[in-house]
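1. just coords:
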């Protein structure tokens, strides 16, 4: 446009012209990084779109800024090509379309509004262009909403006639007597007062504050118990509490006085165990007829036990963050004098010198045939000679050590001789076991060796038992069988989920079995007597190479029964809030080593681990409806973006293990404070050639958004007989998530990260919190539809429970939040029920 026209345009339109110039400059500024990054992406073998789009934006912006109408037409043409490209890449999938079309559509609206100014006209042209743009955006929004609509679920499978037998001594119903409902860990209740028809009437009936919220590292993760008329729980720092089940009034509390120095990665106490000393803990004590659930209330409550005996006839047992087992009287909360020394046992005896926080019990002990079986968390990634992962069994009455299973010393069954320790660095069981009273077996989901991402110096025993389900004979502490889900694990794919005991239906009849979920997403069905798979397991070729090529196995086991895992990632799966974010993530994808699941760890470049170490399934496990024959599994769906860091480089960055005096020399806020194990950004792995840098979830440092497109979590119903998916939904709303840590408050199911489990009821409902949206919800088990939800005061990273008291069915959950999940901290235990009458 000649200069005299430009000047006339400026004089006639004034402010409008300047706003259009600003729009042109903005388009140009957006285009420049797309051009630069687009060239880089092409050089890496990636998409050409970003370079072409950048050039188009630069050209369009320059023309619009100079007042030329053709600039608007250039942008409109670019927009049309963008829509065609977006549909070619992802089709009508709502969330993947967001970074591809949302920002371009907003810019299109602005460009259309600028057209009358560029043409030198106002009046109705403004309204016409605004209407056209609004209609276009409305149509696009409808298309995305329709694309996001979930498909109708498949038909519900046939029920398992008569349900499935539970080998546990106690049953759910009136009570919730164990962490997983029972020691079978089905998380199922036969209560049916609350149904899909009336669940929307649920109301809060009581709230209790534990008064224990750590300033840092919060994440109580607590699942209470309900026995008789009392609810039992532990707080974040192991304060034991008893509440009236109907009113929430405190009956007693006992504080074992755990110092904050002993908090490992998270101040967590997932639950407590209940034990009645009069129980005949043997195979003959378990009825074969499970048609009528047995509960503690139907037998003898703690109160009736106290009337018939003395102190600690019934007792509550917990593990603490500082490595103790505590036993208190269920009626009064007073320490049991016959258990260890004044009601406590030190599980670290025989482990050598322990740095505070390195050995912690964060999960519930399991009690089978009168033996308290406990593992412990060893703070991840600190040093190769970390404390032993020894599993120990203690007498539930006296606290005496019955046996110790040190996998590297099968010749020993007790504590090591004076001057020696249990074998350091061996795999530990940080999560919760399940048990079979009839078989006398306890099922241990084992973790990995101390240096998760290095395997060259592991022993044969470590390689045999790491990342495996191990069945121990509870009377001897000897392994009965093992089933390994990862060979020579260097991906931190330790088993976090409790194995769920079921009776698996076959043509020849029901077989005592268990359901084993994994972080990789695979779900296995095993004969719990022998460990033999009852459904197909295939050894498939996996990627080779990495820093230890000679240590990588040629194959890994895969379940042909069911997997929660998605297909391997591609460049098209990268995401962001804009095209620039998405391009940066695409560049990161092209720069990384990635050949699918089990891509070996690398040091010269990042490698993508998908799924990441939060699953698949983590410690929330699965729930099983034994009548409908359904598995309910909530799961995560995120990658990690990792790199092995050479030792010298890690030392220069101050990555030292907990207890190392060099950590004290780090200045506040320096990199040296980062290594804290588990989900820390950098774990030193002292004693091996490499530290590990983990970008959990693969988040962008600039926006905090994940590089993979949503959903990041889901919930699924699976036919127990066939392993077929019945329904599958994104799990978790976007209301608490957004760029730069700003909550979007959008009530849209994006599928968020989640930790914690579900419970299912005979009433046809799934109750679950777990997601980062701070909601607890009721889901129709037949359709997957959310029927009710309530906003919690803090994060609900815990598994709820269901019980009956005074003729009312209660739903109870602990809201402690979680620092790693970035949900707010809290200390409230909340109970829901239907209105009386």
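-> Received the coordinates, thanks. What you see is a predicted model, and the numbers here were worked out from it, not measured in a lab.

2. So for stretch 326-335, what gets flagged as buried?
-> For stretch 326-335, a neighbour-count test (16 or more other CB atoms under 10 Å) marks 326, 327, 328, 329, 330, 331, 333, 335 as buried. C-beta: built from backbone N, CA, C; applies to glycine.

3. ah, wrong one, I meant stretch 457-470
-> Applying 16+ other CB under 10 Å to stretch 457-470 flags 458, 461, 462, 463, 464, 465, 466, 467, 468, 469, 470 as buried.

4. got the end-to-end distance for that stretch?
-> 22 Å (CA to CA, to the nearest Å).

5. Show me where the stretch 201-350 of the chain dips below the pLDDT cut-off.
-> 280-309 (pLDDT under 70).

6. Helices along the protein, start to end?
-> With helices called from DSSP state H, the chain shows them at 3-13, 15-43, 49-65, 70-90, 94-97, 103-119, 124-148, 302-308, 460-465, 579-591, 647-652, 661-664.

7. Using TSV, please lay out these together with distance to residue 279.
-> Below are those laid out as TSV (distance: least, CB to CB, whole Å):
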stretch	distance to residue 279
helix 3-13	88
helix 15-43	65
helix 49-65	67
helix 70-90	57
helix 94-97	51
helix 103-119	64
helix 124-148	52
helix 302-308	11
helix 460-465	30
helix 579-591	56
helix 647-652	51
helix 661-664	47
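
8. before we move on, back to that, just give me the closest of the buried residues of stretch 326-335 to residue 364.
-> residue 326 (12.5 Å; CB to CB).

9. Do I have it right that the closest one meets residue 346?
-> No. If you go by CB atoms under 8 Å, residue 326 and residue 346 don't touch, sitting 10.9 Å apart.

10. contacting residues around the closest residue to residue 752 other than its chain neighbours?
-> Among residues not flanking residue 752 along the chain, residue 732 sits closest, at 3.0 Å (CB to CB, 6 or more residues apart in numbering). Residues near residue 732 by CB atoms under 8 Å, 6 or more residues apart in numbering: 711, 712, 713, 749, 750, 751, 752, 753, 754, 771, 772, 773.

11. What about these, which are in strands?
-> Those of those mapping onto strands are residue 713, per DSSP state E.

12. What are the phi and psi values at the most centrally placed residue in the chain?
-> Most central in the chain under CA atoms, centre = their mean is residue 755, positioned 3.6 Å from the mean C-alpha point. Main-chain dihedrals, residue 755, degrees, to the nearest 10: phi -140, psi 130.

13. pLDDT wise, what is the residue lying closest to it once chain neighbours are set aside at?
-> Leaving out its chain neighbours, the residue that sits closest to residue 755 by CB to CB, 6+ apart is residue 797, at 4.6 Å. Looking at residue 797, its pLDDT is 98.

14. Which of the contacts of residue 732 ranks first by neighbour count?
-> residue 771 (33 neighbours; other CB atoms under 10 Å).

15. Check what pLDDT the residue nearest to that residue when sequence neighbours are not counted gets.
-> Among residues not flanking residue 771 along the chain, residue 732 sits closest, at 3.2 Å (CB to CB, 6+ apart). pLDDT for residue 732: 96.

16. Repeat that for residue 694.
-> 95.

17. tally of neighbours for it?
-> Around residue 694 there are 23 other residues, counting by other CB under 10 Å.

18. correct me, but it touches residue 642?
-> Yes. Counting by CB under 8 Å, residue 694 does reach residue 642; the two are 5.2 Å apart.

19. Can you give the contact residues for stretch 187-204?
-> 172-173, 176, 180-181, 293, 500, 621-626, 757-765, 778, 780, 787-788, 790, 799, 802-804, 808-809, 811, 830-835.

20. Now with 7 Å, please.
-> If you take CB atoms under 7 Å, 6 or more residues apart in numbering as the criterion, stretch 187-204 is touched by 172-173, 180-181, 293, 623-626, 757-765, 778, 780, 787-788, 799, 802, 804, 809, 830, 832-835.

21. got the end-to-end distance for it?
-> Span of stretch 187-204 from end to end, CA to CA: 22 Å.

22. Can you point out the buried residues in that stretch?
-> Buried residues in stretch 187-204, counted by 16+ other CB under 10 Å: 187, 188, 189, 190, 191, 193, 194, 195, 196, 199, 202.

23. Many thanks, I have nothing further to ask.
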